[in-house]
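Participant: Fold the following and give me the result.
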Amino acid sequence: MKLAKAMYSCHDVPVVIFDNRCGAPCLYCNLFNQTVSRNNILATGDKGVLKKLSDFKGAYFSPTTDCFLPANASLTHALIARTWAINPRFVPLVVTKQVIPDKTIQLFTQNKENLVLQISVPNLDEEAVSILEPGTAKISDRLVMIKRLIDNGIKVIVVVMPWFNLDEDINLLPQKLAKIGVAKAIIDTGVLQNKQRDQMINSNNQLIKQAALKLVFSNGKKNGYTLPRNIRNNLLRKAVIAFNESGIKLVVCTADNPDLEDSLPLCTEFKHHNF
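Facilitator: A predicted model of the protein is given here:
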């Protein structure tokens, strides 16, 4: 494994990169085979990463693969537990589409004030999610876990990214999340490269195919396929209203879409307390 410099301009914490990658990457993922420049590597190997982690105020677990894949879960737990033992103020930014093991939920509960936890729920369509995100937990299992975490006093940010607007009722997702106690979510439409867009078009799901066909190529800060700017802004505005009406604060990630309208509640910086 490796510890590398921050991968996103909005983050000022390093990223943890696991050797064990996803068996089948998400259709929209362009980080699956990404390599890190030697100049950006801060530490290598389990012992090297552990020794270096505590020097930082936090770290991102993990942009290139899920830190709670079965092959990574024990190592993730050990790294975070040992780093907290050395530096109790260390704040891991954890993003997952998997079910977090019980022992790690207990660890998170004990250190909930120094944790930023994001769990992906892109939509409620189990079939679509199983195609978009092969090998990840069912949405129903993620919702059960989110409720358990919130009941334990852990703040959970639901990540609706990338959001493809698969013709679902825009109110259903926030209403479902509000019922289990979610108070904050973050949304983004994402940017796809040719390979990822083609994979969606060639999928067995018509909703996924139609969503990909609506994307157009953009020569923006990040070249790739995304919704036209006016459509993107209008859809995100509707999403913000729907989430807010359900009692959930929704912010819009600008990592992939820096051209969004300032009238939207834009998220441009990773910050604590509990983000």
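Participant: what residues does stretch 195-206 touch?
Facilitator: Residues from elsewhere that reach stretch 195-206 (C-beta atoms under 8 Å, 6 or more residues apart in numbering): 27-30, 127-128, 131-132, 192, 208-209, 211-213, 215, 225. C-beta coordinates here come from the backbone N, C-alpha and C atoms, glycine included.
Participant: Please list only the buried members of those.
Facilitator: Neighbour-count burial (16 or more other C-beta atoms under 10 Å) applied to these gives 27-30, 128, 131-132, 192, 208, 211-212, 215, 225.
Participant: what residues are up against the residue nearest in space to the middle of the chain?
Facilitator: Closest to where the C-alpha atoms of the chain average out (C-alpha atoms, centre = their mean) is V95, at 4.9 Å. Neighbouring residues of V95 by C-beta under 8 Å, 6+ apart: Y60, F61, S62, P63, C67, Q118, I119, S120, V159.
Participant: still on that earlier bit, max pairwise distance over the buried ones among the contacts of stretch 195-206: which two?
Facilitator: N30 and A128 (19.4 Å; C-beta to C-beta).
Participant: On the three-state scheme, F217 is what?
Facilitator: Following DSSP: H, G, I helix; E, B strand; the rest coil, we place F217 in the strand state.
Participant: separation between it and E261?
Facilitator: Going from F217 to E261 by C-beta to C-beta, to the nearest Å gives 21 Å.
Participant: N165 too?
Facilitator: For N165 relative to E261 (C-beta to C-beta), the value is 17 Å.
Participant: which one of those two has more residues nearby?
Facilitator: N165 (18 against 14; other C-beta atoms under 10 Å).
Participant: so when I look at the more buried one, I'm seeing a strand, right?
Facilitator: No. Using three-state DSSP, the assignment for N165 is coil, not a strand.
Participant: Near K112, how many other residues are there?
Facilitator: K112: 15 neighbours (other C-beta under 10 Å).
Participant: Which parts of the chain are strands?
Facilitator: 2-4, 15-17, 41-44, 58-61, 91-96, 116-120, 156-160, 184-187, 216-218, 224-226, 249-253, 266-267 (DSSP state E).
Participant: which residues sit against the first one?
Facilitator: If I follow you right, that is strand 2-4. 14-17, 36, 40-44, 48-49, 52-53, 59.
Participant: May I ask you to confirm that Q34 is in contact with S62?
Facilitator: No. Contact criterion C-beta atoms under 8 Å: Q34 and S62 do not qualify, at 11.9 Å.
Participant: Look at those two and report which has more neighbours.
Facilitator: Per other C-beta under 10 Å, whichever of Q34 and S62 has more neighbours is S62, with 23 against 12.
Participant: how about that one, what does it touch?
Facilitator: V15, V16, I17, F18, N72, T76, V95.
Participant: Can you give me the pLDDT of the third one?
Facilitator: The score at I17 is 94. That number is its pLDDT.
Participant: and it, how many residues sit next to it?
Facilitator: I17 - counted by other C-beta under 10 Å - has 24 other residues nearby.
Participant: May I have the beta-bridge partners of it?
Facilitator: K2 (DSSP bridges).
Participant: what do you get for the last one?
Facilitator: Partner residues in beta bridges with V95: Q118, with DSSP bridges as the criterion.
Participant: distance of E245 from I86?
Facilitator: In this structure, E245 and I86 are 44 Å apart, going by C-beta to C-beta.
Participant: for the longest helix seen in the chain, packing partners?
Facilitator: The residue-count maximum for a helix in the chain (DSSP state H) belongs to helix 229-245. For helix 229-245, the packing partners by 3 or more C-beta pairs under 8 Å, 6 or more residues apart in numbering; DSSP states H and E come out as helix 172-179, strand 184-187, strand 249-253.
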